[in-house]
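Undergrad: What would the 3D arrangement of this be:
(2 chains)
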Amino acid sequence: MAVGAVAIRRAWPGILAAALVAAFVLASLGAVLWFAGGGGAPGPGDWAALRFTLMQASLSAVLSVALAIPTARALARRNFPGRGALITLLGAPFILPVIVAVLGLLAVFGRNGIVSQGLALVGLPPLSIYGLHGVLLAHVFFNLPLATRILLQGWQEIPAERFRLAAALDMGPAQVMRFLEGPMLRAMVPGALLAVFGLCLSSFAVVLMLGGGPKATTLELAIYQAFRFEFDLGRAATLAAIQAVLVGAVLWIGLRIMRPDGQGLGHDRVLRRWDGEGWVLRVQDGAVLALVSVFLLVPLGLIVARGAAGLGQLPPSVWEAFWASLAVTLASTLLGVGMALAIGLASVRAGWVEVLGMMGIATSPLVLGTGLFLLVNPWINPARLAFVVTAAVNAVMILPFALRVLTPSLRRIETDYGRLADSLGLTGWARLQLLIWPRARRSLGFAAGLSAAMAMGDLGVIALFADPRQATLPLQMYRLMGAYRMEAAFGAALLLLATSLALFWIFDRGGRGDADA
Amino acid sequence: MLTLEGLVIRQDGFELSADLHVPDGARVAVIGPSGAGKSTLLNAVAGFQPVDEGRIRMQGRDVTGLAPGKRPVSMLFQDNNLFPHLSAAQNVGLGLRPDLRLDAAQRARVAQALERVGLQGLEGRKPGQLSGGQASRVALARVLVQGRGLVLLDEPFAALGPALKAEMLDLLEEVLDETGATLLLVTHDPADALRIAPQTILVADGWANAPVATAQLFADPPLALRSYLGVPKS
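TA: Take a look at the predicted model:
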């Protein structure tokens, strides 16, 4: 490649951005650790929160992956109309606002949900969704699709020739599982378990709505409660420190065992399979896929059905929150994807830069939020910075995802056309405009769509900082639910769902443009 | 035109040395066994390959530390010589101004160059809509407008059929006649060297030898070349 000095000169915007991100994360973590212990050593409640955090994350991981195995297996060996749509649907939880999904699950499994209504018809008591099992239900709803996509990738990486060989040796489904699928699962399952476990450690919105109480409080929720109900900053800092160590440890383990490309975004290739032709297996696969589809689709369908009725009676506060959310979302998307582009370009020349940019995943939004709160509190009323801080934290949190999407395509541009561009003296702005932008447009659009949808649906830091007059759309929706204004809450949920999907679609579409090259 | 003084390139246990001079306007083939370092030599001259020792001079100037785009060099690679998202005219225009802010006179030069290589009317096409031969012509049109003193080619026509390749070499010759540029052409085909390059640099056994007359070289090949060509070592 080019000479060292040139490489560094070109990389400086990215190095600067990465340094900013690292400083932002480290300053917040530093504040948390500095203040930790101010509220005394962790009490029994704090240890209970740690235990519950670990337990729910472990159970969520085991349940999601256990259910994902038959689902991925069925998807891998069956071809049917709608298979592509189902795989796309499995990608939806990434852009689905958590609070919308939880409201949808409440509409199905809640006290007044359709299942409870059915039970009432036959004289049985209604379900209660609150507590550990509700948290697990929601976590499986979000992570079963993720785990399925990771495992499906594993299935698709088994070479077609192996299945042909298995058929030639007249192996039945049991032998195929033993000789082909089993070894693959042994390699993939730990990564899938850890991915789900890591996500559930930092889950906040789900536990906020379905957990709570001494028996079902996670560290993230305990941080929020220490802030909101006790205003005990020392205790919040102690909890945040425990959470930071936990997330950091899991990330460290993850980096050691995860394969670099374990995200499972590849899809849509059906191998010709000779095993599993028997009708028992056909029925089994069909039933698994039907159940999973129903489980994923019915809650969303209820949001649409009941939300449409509530759309007409949205209070003005929802619209205010909508505009605030839109502004915050666009700011974090612009900031997050802009930094991802700069850091990605720099990391093509100096790989370590990307590691700094990924620091967002080494912490959780509430830990970051706690640290920032502690930093700004002595100087300024944190509520005045609620939207700014939310935008900044969201930008840092979406950065790792945006980098994962962008970096491979930036690398490819550099390998394919870097030398040609260098030999033509295409540098700086001209290189960005004439080479990077047109060729990275597709992944930029996808990264921006993903980022915007994630930021739009986020309910985290804003809950720490906002005063009662401020809200983003997810927070306003949460308040409506708390006030039992369910029709308005469903309306807001539909608005939020539609906005998240629309933002994803617009950015992703914009990236495709005239795709003739 | 080009002088390599005590040049040494090291790369993972591989070492290539060169100490040679290529006169102004010369047409020189670079030939040798694969893996001997032909492309490495060309990349060092173009500025893509860092140099461990020695200097590279062009037109009397020391260019050793210069970025590729700052050297008086046009380079054509084995593939990816055009940006697929830009039109033929834009790809040629990049040779005049890398930011593509062309004035009327420069646009006229682009059109003229495309006409010169026989592509009039295809200015707006993107590389995906051109045949392999047409794409090579676009790249040669860019060499033409760049008008740089040294043209480096790293087997750029290897993917074309024999007739098309001969046609491209002829067109290359015309371009060189017009610009008066010096040529270094990496090839694995002796016929290419004999067709276009009166002189040849043999790269073998860690050395890029000084250019010698091509016809003589192939008439009486040295040992290193014999095994590559498959000539008996008698």
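Undergrad: residues contacting B:Tyr228?
TA: By CB atoms under 8 Å, 6 or more residues apart in numbering or on different chains, B:Tyr228 lies in contact with B:Gly32, B:Pro33, B:Ala204. For every residue, glycine as well, the C-beta is placed using N, CA and C.
Undergrad: Neighbour-wise, which one of those leads?
TA: Within the contacts of B:Tyr228, B:Gly32 tops the neighbour count with 23 neighbours, counted by other CB atoms under 10 Å in any protein chain shown.
Undergrad: ok so, going back, would you mind giving the contacts of B:Tyr228 as CSV with distance to A:Arg282, secondary structure and pLDDT added?
TA: Shown next, in CSV, are the contacts of B:Tyr228 (distance: CB to CB, whole Å; DSSP: H, G, I helix; E, B strand; the rest coil; pLDDT from 0 to 100):
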residue, distance to A:Arg282, secondary structure, pLDDT
B:Gly32, 62, coil, 89
B:Pro33, 59, coil, 87
B:Ala204, 64, strand, 90
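Undergrad: Let me know the closest of these to chain A.
TA: B:Gly32 (21.4 Å; CB to the nearest CB).
Undergrad: Which strand residues bridge the nearest residue to that closest one once chain neighbours are set aside?
TA: Residue nearest to B:Gly32 in three dimensions, not counting chain neighbours: B:Val203, with 3.6 Å by CB to CB, 6 or more residues apart in numbering or on different chains. Beta-bridge partners for B:Val203, by DSSP bridges, are B:Ala208.
Undergrad: so who does B:Val203 touch?
TA: B:Val203 makes contacts with B:Leu16, B:Val30, B:Ile31, B:Gly32, B:Ala36, B:Gly37, B:Lys38, B:Leu41, B:Asn209, as judged by CB under 8 Å, 6+ apart.
Undergrad: where in chain B is pLDDT low?
TA: Applying pLDDT under 70 to chain B flags the ranges B:233-234.
Undergrad: Return the nearest residue of it with respect to chain A.
TA: For chain B, CB to the nearest CB, closest residue to chain A: B:Gly69, 2.6 Å.
Undergrad: so how far is chain B from A:Cys200?
TA: Taking CB to the nearest CB, to the nearest Å as the measure, A:Cys200 falls 42 Å from chain B.
Undergrad: Run a quick neighbour tally on the nearest residue to that residue once chain neighbours are set aside.
TA: Once flanking residues are discounted, A:Cys200 sits nearest to A:Ala57: 4.0 Å by CB to CB, 6+ apart. Other residues near A:Ala57 number 23, with proximity taken as other CB under 10 Å.
Undergrad: thought A:Ala57 was touching A:Phe197?
TA: Yes: counting by CB atoms under 8 Å, A:Ala57 touches A:Phe197, with 4.9 Å between them.
Undergrad: Write out the residues of the stretch 351-500 of chain A neighbouring chain B.
TA: A:416-417, A:419-420, A:422-427, A:429-431, A:433-435, A:438-439 (CB under 8 Å from any CB of the partner chain).
Undergrad: What segments of the stretch 1-150 of chain A are strands?
TA: For the stretch 1-150 of chain A, applying DSSP state E, counting those that start in this stretch gives no strands.
Undergrad: What segments of it are helices?
TA: Secondary structure of the stretch 1-150 of chain A (DSSP state H, counting those that start in this stretch): helices at A:4-35, A:44-77, A:83-91, A:98-109, A:114-121, A:132-156.
Undergrad: same deal with chain B?
TA: Counting by DSSP state H, chain B has helices at residues B:38-46, B:88-93, B:104-116, B:132-146, B:162-179, B:190-196, B:214-219, B:223-229.
Undergrad: quick one: which of those is nearest A:Pro125?
TA: Distances from A:Pro125 to each of these were compared using CB to CB; the minimum, 71.7 Å, belongs to helix B:88-93.
Undergrad: what does chain B put close to chain A?
TA: Selection of chain B residues close to chain A by CB under 8 Å from any CB yields B:46-48, B:50, B:65, B:67-70, B:73-75, B:77, B:80-81, B:83-86, B:94-95, B:98-100, B:126-128.
Undergrad: Now list the buried members of those.
TA: Listed as buried from the residues of chain B next to chain A are B:46-48, B:50, B:67-69, B:73-75, B:77, B:81, B:83-86, B:94-95, B:98-100, B:126-127; burial here means 16 or more other CB atoms under 10 Å in any protein chain shown.
Undergrad: rewinding a little: if any of the residues of the stretch 351-500 of chain A next to chain B are buried, put those into a PyMOL selection.
TA: Those of those that count as buried under 16+ other CB under 10 Å are selected in PyMOL with:
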select buried, chain A and resi 417+419+420+422+423+424+425+426+427+430+431+434+435+438+439
